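J.: Dropping a prediction and its sequence here:
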Amino acid sequence: MIELFDPLKGERLRVLDETGEAAPGLDPGLPDAELRAIYERMLRTRTADAKALKLQRQGRLGTYPPSRGHEACQVGLASAMGRDDWFFPYFRDLGMYITLGYPLADYYHLWMGNEAGLRTPDGLNIYPIAIPVGSQIPQAVGAGLAAKYRKLRIAVVTTFGDGATSEGDFHEGLNFAGVFRTPNVFVCLNNQFAISVPRARQTAAATIAQKAVAYGFPGVQVDGNDVLAVYAAAREALANARSGQGPTLIEAYTYRMGDHTTSDDAARYRSKEEVQEWERRDPILRFRLYLGKKGLWDEAYEKTVQESAAEFVEKAVAEAEARPAATPEDLFTYTYAAMPPELEAQLAELKAFLGEGRR
Amino acid sequence: MIELFDPLKGERLRVLDETGEAAPGLDPGLPDAELRAIYERMLRTRTADAKALKLQRQGRLGTYPPSRGHEACQVGLASAMGRDDWFFPYFRDLGMYITLGYPLADYYHLWMGNEAGLRTPDGLNIYPIAIPVGSQIPQAVGAGLAAKYRKLRIAVVTTFGDGATSEGDFHEGLNFAGVFRTPNVFVCLNNQFAISVPRARQTAAATIAQKAVAYGFPGVQVDGNDVLAVYAAAREALANARSGQGPTLIEAYTYRMGDHTTSDDAARYRSKEEVQEWERRDPILRFRLYLGKKGLWDEAYEKTVQESAAEFVEKAVAEAEARPAATPEDLFTYTYAAMPPELEAQLAELKAFLGEGRR
Amino acid sequence: MIMTMVQAINQALAQEMERDDRIIVLGQDVGRDGGVFRTTEGLFDRFGPERVMDTPLSESAIVGASIGMTALGLRPVPEVQFMGFIYPAFNQIVSHVARLRNRTRGRFTVPLTIRTPYGAGVKALEHHSESTEALFCQIPGLTVVVPSSPYDAKGLLIASLRSDDPVIFLEPTKLYRAEKQEVPEEPYEVPLRRAAVVREGKDLTIIAWGAMIPVARQAAAAAQAEGIGAEIVDLRTLSPMDRETFVASVRKTGRALVVHEAPKTCGLGAEIAATIGESALLSLDAPVLRVTGQDITVPLPKSEDLYYPGPERILRAIRRLMEY
Amino acid sequence: MIMTMVQAINQALAQEMERDDRIIVLGQDVGRDGGVFRTTEGLFDRFGPERVMDTPLSESAIVGASIGMTALGLRPVPEVQFMGFIYPAFNQIVSHVARLRNRTRGRFTVPLTIRTPYGAGVKALEHHSESTEALFCQIPGLTVVVPSSPYDAKGLLIASLRSDDPVIFLEPTKLYRAEKQEVPEEPYEVPLRRAAVVREGKDLTIIAWGAMIPVARQAAAAAQAEGIGAEIVDLRTLSPMDRETFVASVRKTGRALVVHEAPKTCGLGAEIAATIGESALLSLDAPVLRVTGQDITVPLPKSEDLYYPGPERILRAIRRLMEY
Ligand SMILES: Cc1ncc(C[n+]2csc(CCOP(=O)(O)OP(=O)(O)O)c2C)c(N)n1
Ligand SMILES: Cc1ncc(C[n+]2csc(CCOP(=O)(O)OP(=O)(O)O)c2C)c(N)n1
Ligand SMILES: [Mg+2]
Ligand SMILES: [Mg+2]
């Protein structure tokens, strides 16, 4: 399906229109249970996101990059992934984490300012969040190389924003992937902004998907507010990766509904009208309309889902806040496999200092 | 003309075939005197290059990257440039330097191991050679931005190899150029190798020219052993740059006839047959055949040109070797605009040390 | 006018841009948004998009393009959004910015000023609390400047913008809005390469810079209460370093303490301690001590305090020095 | 067998690759060409293109991809062609390689060994004579190793390949073929984090590493002729540093001299001098001196000798120390 949509011709894969109507022949045909699961993940994502913002305002969580508007991209992509696939995230990936089963308490714990929240639970193939923009991309390619070397039939997914495509690491990573035909799926969440810098300032290419031309593998633009389009493209790209057909670049065309982070004020650089225009294309709304048409959604169902999401989120907050603070040992132990004498001395001194009643 | 050759369709601009026949409608129609001047520059380049190799073997010059085979790319490009245009070179650009009027003695002086040879004479717009691969590309874009800001109708040219296209700086530079529509001409000398690494290992893109698609401006592949093709493409790209129509990427498809540098042994990684195959496509030979067909070349003319080239080169060698050695002051004076006390102290100490009869 | 460091920096930029049309500000979000810390606020409206350029997210190109601009006589002021994101531009800085004057024997100079917020203490995200100034201090050709007050920020920035050498101008985020100070309206320079004795004392010398100056002052005040007179030298230009000023101070006091946020090992404190050992060994009544960040990655906000030198840690070291 | 450092490195790689199929060598020209210095010669034929990978010209991706390989349990050995070209990968090294163990509280470790030729003295092109080891020594989490002999090269490299910490393994180009030495055929480790006293002496301590060791030996021999006994400590692992060994030596001799190729200011010598000042002040009979590269960019070949510390400069410093 991917090769049917040529970014050089301005084509974009979309399954659902804004009324939730599925284009004939493009619907990935998921079972009802899976459709509902996707919806539930999207709602959990939005709920958990709103909660993080609230916690931040209350001083209970630090600077936070909200995901609102990206639920279709994140949940659509992660829902198509398999348990053995690997994920190399960026910093705006809440729906990925929720879908892939990363404990939300850990995720909150991280954004509350504790490294322990970055410790992926054993058995989950999720690398830690990369804050330096684009830097995770070559790493994902290396994981792809390793998968190939080990003859694992898995795919390696990495996400990043439109801004990241301007970094050298985007280029070096994708170029490597092309040369070695690694099992990578590169997903750009083109949300039209890198903080205040609009997409047009990021590159003169008409689409981000067409950048794949530079690397000799397919690129496709999908409607990033259409969870089924993201799912369909991801499923195909993942299958191609796993079966040795090489990497794919997916551009998910979407919009950052909120501020860049809680330190940002997007009103300084974009209009209310523009934001409102995108509110209409809300990915959750669109998918709800689709479910409604399929008889999978009604008010009662919505209520259950909302309640369950709220409960899920509150539990995670409670858990995260109950976690113990980092100890000096936590801070010093993981710099090296074995602590060097200088660090031992510094740790001892810190503990003596704290022992004097300070802190 | 550039847009007539689509790299995505595998098209390559070529004016002269291997017998020196010009394709009708593509010949840039240069006056005879200019054609001969181009030939003479190509021959000087080859002569000066061979001399550098000889000097290196004699221990009179250091590690050196030979230009043989690149004469059409270098001389074709530089011949199309105007006096006010800027040039940001890489390390294999002898024909550019000769054509642009950089004193050959300075060039030799540099490769003999003295920074003074990197001091571009006043009035020449040539930035110093960049050894870290690809790093000059964003710099050239900055010069383009400055030209635009100052409303100068000039172009900024930068050259680099096929290997350089894998560096992040290639990407960041070209992307910047696209966004700001700078007056840049990017010329990739695709000579099929980055030291031992073949072009196919460098990128999975079928051509390097097509990488321009990622940046939203035109890219064209030209026959890099055809000086008229290089000239024609460069002239058009330069004109576009100067007139505000933005940047162009030119891929000059050629071959590195010699070793990577005098420290390299290309026989380790490529076959004699391959090299012989390319000998047949020698850019000087091809252009000579063309001149012959136009009645601009005969043995007597060849003899004069050879002699003049030899004289030109010998004079430069003599001049370079007569230059004084760098003094301690030369080494210390240019680190800062004004020498800090610590450097003054180190310089004084060095001089005292040398004064003790050492060196 | 009474102003914060952010305002002082903003004013320095505006005044110099007014005076010198070779100055171009470029970087991520420096334009319409006015910079994530608002240091470039208003410049876009005043000087237009050609002089206040929002760029792609590309540190290497931001610095690399700035270099190229200098070839044609401009004086760019690239902003790197946080010091933790300067590394993608490291090659441009080390291999080109620092060297071009020397490698062209003065034909090409690189009069640019790379501005970047730096340092811990504001409970920021990972990579947003870096203070790796020593990386740059070891590269010949670079000038590294750190202001510790609004007054110095304006004067040092103006001096940097007017300098013919490339400057890495590090702005302590912790001080951006910490303190307001009277700052003269007219442009002025605080000279580069000159440290300042910002507090006099006879018993020991504290050498510090940036956000550590207010912390050192607190410690010095506490020490005073114990009858110990601490002199404080604000280094201001970290490279090339004004060794004379602090060596003279240590010759007088006989004791020295370096305070910095960066980890101890190979931090700038090492060079300062080594210099004192070289030049003032016989004046030393005690070893030169260093109170610094721990030799670990700056922790996330919840544990930042365990990393960061505070007044009590400095006071402890002062006492230890005096008891030696 | 008697062999050069190049051969010793080559043998270490081959033997460990034989033993451990998680080891992958990658970089520019490491494959068919066998590396520009031939350190990887024969590995491509023996282990195939999947384990000896010629890569695109992309330092950041070479290191970045190596990181990703460790996520799936591999132990990559990326080669950077010269230390002067490591800067494009600096972000990957500083922001990821060094930190991943800490930031994931041990879930992800990065057992890779970045190999790169380093140092001056071979009349190479610009950017090919760098010795910026101190850049890496100040980054917590990295291990920085420099061998000074074929024997140590093999043993330290094997220890690095087996280490669970990321190692920056710096190979002094000047020593690649300078000296041959008996090197045991079987694999062995020279322990990381341990300096070695490679020459005993009672009058002063010279601390050095890599290509400066033979130079220091020459100076020490000359000093011996004047009746001065110089002890030489080969640091071997520059970070984390074995402070105990050199401090103990200085406590014994009372005098210390650090020798390194890098410029003086903020070179590793600063940390060593500062450490000695902190830990052995009362044992010092003279200031700790540093004989180093000049505080300038390494000059082009014709003037390299004016930059580089030679035995005479060291001898001068030894005399100065003894006369103090
Ligand atoms: C290398 C680097 N430079 C700058 C930053 C600061 N920064 C954080 S997010 C961001 C914008 C990212 O934009 P985009 O890639 O489009 O992702 P989005 O935030 O829109 O999801 C910037 C500039 C950074 N984190 N890393
Ligand atoms: C950043 C960097 N990495 C590695 C090198 C070492 N090196 C010098 S030339 C070269 C190959 C360049 O290949 P290409 O760009 O194709 O240019 P060519 O030499 O073929 O003209 C390499 C790897 C370097 N100079 N800079
Ligand atoms: Mg974005
Ligand atoms: Mg090439």
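T.: Looks like it arrived, so ask away. Treat the numbers as computed from the prediction; the structure is a model and nothing was measured. Ligands and ions are numbered 1, 2, ... in the order given.
J.: where in chain A is pLDDT low?
T.: A:357-359 (pLDDT under 70).
J.: Go through it and flag its longest helix.
T.: Longest helix of chain A, by residue count under DSSP state H: helix A:32-57.
J.: Could I get the full set of helices for chain A?
T.: A:32-57, A:71-80, A:94-100, A:104-111, A:136-149, A:168-180, A:199-202, A:227-242, A:272-279, A:283-293, A:299-322, A:328-333, A:341-355.
J.: Out of those helices, which is closest to B:Gly295?
T.: Closest to B:Gly295 of those, according to C-beta to C-beta: helix A:168-180, at 47.7 Å. For the C-beta atoms, the positions are set from N, CA and C on the backbone; glycine is no exception.
J.: Setting aside sequence neighbours, what's the nearest residue to C:Thr4?
T.: Nearest non-adjacent residue to C:Thr4, counting by C-beta to C-beta, 6 or more residues apart in numbering or on different chains: C:Arg177, 4.8 Å away.
J.: so who does that neighbour touch?
T.: Contacts for C:Arg177 were tallied using C-beta atoms under 8 Å, 6 or more residues apart in numbering or on different chains; they are C:Thr4, C:Met5, C:Val6.
J.: I'd like to know how many residues surround the closest residue to ligand 2 within chain C.
T.: Per C-beta to the nearest ligand atom, the residue of chain C with the smallest distance to ligand 2 is C:Asn91, at 7.3 Å. C:Asn91: 30 surrounding residues under other C-beta atoms under 10 Å in any protein chain shown.
J.: now the closest residue to it other than its chain neighbours: how far from D:Thr132?
T.: Computed as C-beta to C-beta, 6+ apart, the closest residue to C:Asn91 that is not its neighbour in sequence is D:Tyr87, at 3.6 Å. Plainly put, D:Tyr87 is 9 Å away from D:Thr132 if you go by C-beta to C-beta, to the nearest Å.
J.: For A:Tyr334, grab the count of nearby residues.
T.: Residues lying near A:Tyr334 (other C-beta under 10 Å) number 24.
J.: Check whether it really touches D:Ala98, as I assumed.
T.: No. Counting by C-beta atoms under 8 Å, A:Tyr334 stays clear of D:Ala98, with 11.5 Å between them.
J.: How about the contacts made by residue 143?
T.: Since no chain was named, I'll use chain A. Taking C-beta under 8 Å, 6+ apart, we find A:Ala143 in contact with A:Trp86, A:Phe88, A:Tyr127, A:Val156, D:Gly68, D:Met69, D:Ala71, D:Leu72.
J.: Let me rephrase: I mean chain C.
T.: B:Tyr336, C:Ser160, C:Ser163, C:Asp165, C:Pro166, C:Val167, C:Ile168, C:Leu192, C:Arg193, C:Thr237, C:Ser239, C:Pro240.
J.: List the buried residues in the longest helix of chain A.
T.: A:35-36, A:38-53, A:55-56 (16 or more other C-beta atoms under 10 Å in any protein chain shown).
J.: before we move on, back to that, list only buried entries from the contacts of A:Ala143.
T.: Looking at the contacts of A:Ala143 with 16+ other C-beta under 10 Å, the buried ones turn out to be A:Trp86, A:Phe88, A:Tyr127, A:Val156, D:Gly68, D:Met69, D:Ala71, D:Leu72.
J.: can you put those in a markdown table and add distance to ligand 3?
T.: Below are the buried ones among the contacts of A:Ala143 laid out as a markdown table (distance: C-beta to the ion, whole Å):
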| residue | distance to ligand 3 |
| --- | --- |
| A:Trp86 | 23 |
| A:Phe88 | 17 |
| A:Tyr127 | 20 |
| A:Val156 | 22 |
| D:Gly68 | 23 |
| D:Met69 | 28 |
| D:Ala71 | 25 |
| D:Leu72 | 29 |
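J.: burial measure for residue 260, as a count.
T.: In the absence of a named chain, this looks at chain A. 23.
J.: Not quite, go with chain C.
T.: Neighbours of C:His260 (other C-beta under 10 Å): 28.
J.: Close to chain D: what parts of the stretch 1-150 of chain C are there?
T.: Contact residues, the stretch 1-150 of chain C versus chain D (C-beta under 8 Å from any C-beta of the partner chain): C:84, C:87-88, C:90-91, C:94-95, C:98-99, C:102-103, C:126-127, C:132, C:134-135, C:137-138, C:140-141.
J.: Is there proximity between the lowest-mean-pLDDT helix or strand in chain C and chain A?
T.: Here the helix or strand of chain C ranked lowest by mean pLDDT, DSSP states H and E is helix C:304-307, holding a mean of 94. Yes. Residues of helix C:304-307 contacting chain A under C-beta under 8 Å from any C-beta: C:Glu304, C:Asp305, C:Leu306, C:Tyr307.
J.: and the first one, how many residues sit next to it?
T.: Think C:Glu304. Quick note: C:Glu304 (other C-beta under 10 Å) scores 18 neighbours.
J.: can you give me the helices for chain C?
T.: Going by DSSP H, chain C shows helices at C:5-19, C:43-47, C:59-71, C:90-92, C:100-103, C:133-137, C:150-162, C:212-225, C:243-253, C:268-280, C:304-307, C:311-323.
J.: Quick one: residues contacting the nearest residue to A:Val133 once chain neighbours are set aside.
T.: With C-beta to C-beta, 6+ apart as the criterion, A:Val133 has its nearest non-adjacent residue at 4.9 Å, and that residue is A:Ala164. Applying C-beta under 8 Å, 6+ apart, we find A:Ala164 in contact with A:Tyr90, A:Val133, A:Gly134, A:Ile137, A:Phe170, A:Cys188, A:Ala194, C:Leu57.
J.: Lovely, talk soon.
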